[in-house]
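mind looking at a prediction? Sequence and model below.
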Amino acid sequence: TGYFTYDPGFTATASCQSAISYIDGDKGVLLHRGYPIDELAEHSDYMEVCYLLLNGELPTAEQKAGFVDTVTRHTMLHDQMNYFFRGFRRDAHPMAIMVGVVGAMSAFYHDSTDVDDPHQRMVASYRLVAKMPTIAAWAYKYSIGQPFIYPKNDLSYSERFLDMMFAVPAESYRVDPVLAKAMDRILILHADHEQNASTSTVRLAGSSGANPFACIAAGIASLWGPAHGGANEAVLRMLNEIGTVDRVDECVKRAKDKDDPFRLMGFGHRVYKNYDPRAKVMQQTCHEVLDQLGIKDDPLLEIAMKLEKVALEDDYFVDKKLYPNVDFYSGIILKAMGFPMEMFTVLFALARTVGWVAQWNEMIQDPHQKIGRPRQLYTGPAQHPYVPIHKRD
Ligand code: CMC
């Protein structure tokens, strides 16, 4: 009994108050703590954006140096975690490894799990931001049978990640600064995004006072799906499947057919009813990366650009206000940089960790914070007596 608002997918429910990210979906605006995402992508770097999201304001030079120093001190994993990786099948999807290893951090770092202690919360936050690149890169190295590369703390955050991904002990490897800059920008573009499915999952899991590492593992699980972070992998699979520019029209036709479950991956968004501001920066970065790598006339990019053009002129997509989202171009860039498709969503998780952590911290400190406990509209049978098994038909 009881009357509740029925709001499947929470399209009309504000689950919390938040001062972290702001989206104006009609105008295609995204602000982090008031700063437009395109300005942050152009002028800032990921460490600075992390500080901004966690602390509410851009750092001074001294604050930034202190923050980078602290994060850098936490990049190593507990050596015992080595064995945890080794328990997985080599062909495990790296997102499965991420869910497992990040969840397992709750068993390795007991000194940062008391959610009522601000110091412990801060240490958990630093650990998560610092260790995600190491965990992500090791998930990849494990899958290809190469030795783990330990974090080199004289490199920047993004350089260090690329080094752990692509360096091989037997060969010399130097991170290309243009690619490191592109990586940093990709991380900025994914750093936070209001109350999306994975962030809401982290908040809901954390609302019971649960272990922070386990909460972030829950966020990773939610992100994995193709309607959320898994879309970047799905976009590339779709572009590969389309194969040639002349098959684009056929694909758009399928996406419009209501009897066909096929959707144009990387298109549409719950909140943006205009161009996703992150997609614009991503498109520009895509061209820069391909230029830097000397990749001319990339067939996938050609298909993507044609797809975008056709869809943006098509009544179905115009009427429903479906525009390219952040995932539309990111896969092409990541592929060009040498990332296998299975790692795309892992990169999203890596970048979004700071957002999850900032939102989790905000929730814990919110005086209105309560355990998340939605109600339901019951549609099952009315009460009736138990029927003994010998009397059932
Ligand atoms: N291709 C074809 N039709 C679409 C698409 C699409 N990509 N997206 C939405 N529609 C149609 C949908 O069929 C529906 O039509 P109708 O009103 O006639 O039933 C209408 O547009 C509204 O769609 P919805 O599914 O009710 O909207 P939603 O807010 O629940 O879903 C979405 C948003 C992102 C899940 C959806 O647009 C989608 O599945 N897109 C493809 C997957 C994707 O790119 N996801 C990444 C999102 S951005 C990164 C992130 O947040 O993780």
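Arrived safely. Numbers count the residues shown, from 1 in each chain.

every contact and neighbour count from this point should use C-alpha atoms.
OK.

mind naming the longest helix for this protein?
The single longest helix within the chain, with elements called by DSSP state H, is helix 118-144.

Asp163 contacts Val175, correct?
Yes. At 6.4 Å, Asp163 counts as touching Val175 under the criterion of CA atoms under 8 Å.

those two: which is more packed in?
Legend: neighbour count by other CA atoms under 10 Å for Asp163 and Val175, higher for Asp163 (21 against 16).

for the more buried one, give me phi and psi.
According to degrees, to the nearest 10, the main-chain angles of Asp163 amount to phi -60, psi -40.

distance of the residue in the stretch 101-250 of the chain that the ligand sits nearest to from His190?
Per CA to the nearest ligand atom, His228 is where the stretch 101-250 of the chain lies closest to the ligand, at 3.2 Å. From His228 over to His190 the distance is 12 Å, taken as CA to CA, to the nearest Å.

between those two, which is the more surrounded one?
Legend: neighbour count by other CA under 10 Å for His228 and His190, higher for His190 (22 against 17).

how confident is the prediction for that one, by pLDDT?
The model reports His190 with a pLDDT of 97.

what of the one 4 residues further on?
At Glu194, the predicted lDDT confidence score is 97.

which residues touch it?
Applying CA atoms under 8 Å, 6 or more residues apart in numbering, we find Glu194 in contact with Ile20, Ser21, Tyr22, Ile23.

leaving out sequence neighbours, find the closest residue to the second one.
If I follow you right, that is Ser21. His32 (4.6 Å; CA to CA, 6 or more residues apart in numbering).

which residues touch the one you found?
By CA under 8 Å, 6+ apart, His32 lies in contact with Ile20, Ser21, Tyr22, Leu52, Leu53, Asp192.

helix or strand for the most centrally placed residue in the chain, which one?
The residue lying closest to the centre of the chain (CA atoms, centre = their mean) is Phe348, at 3.1 Å. In this assignment (DSSP states H and E), Phe348 forms part of helix 344-365.

mind listing what's buried in that helix?
Residues of helix 344-365 classed as buried by neighbour count (16 or more other CA atoms under 10 Å): 344-364.

from the chain's centroid, how far away is it?
Centroid separation for helix 344-365 versus its chain: 8 Å, with CA atoms, centre = their mean, to the nearest Å.

other SSEs contacting it?
helix 46-55, helix 94-108, helix 118-144, helix 177-189, helix 197-206, helix 212-223, helix 231-242 (3 or more CA pairs under 8 Å, 6 or more residues apart in numbering; DSSP states H and E).
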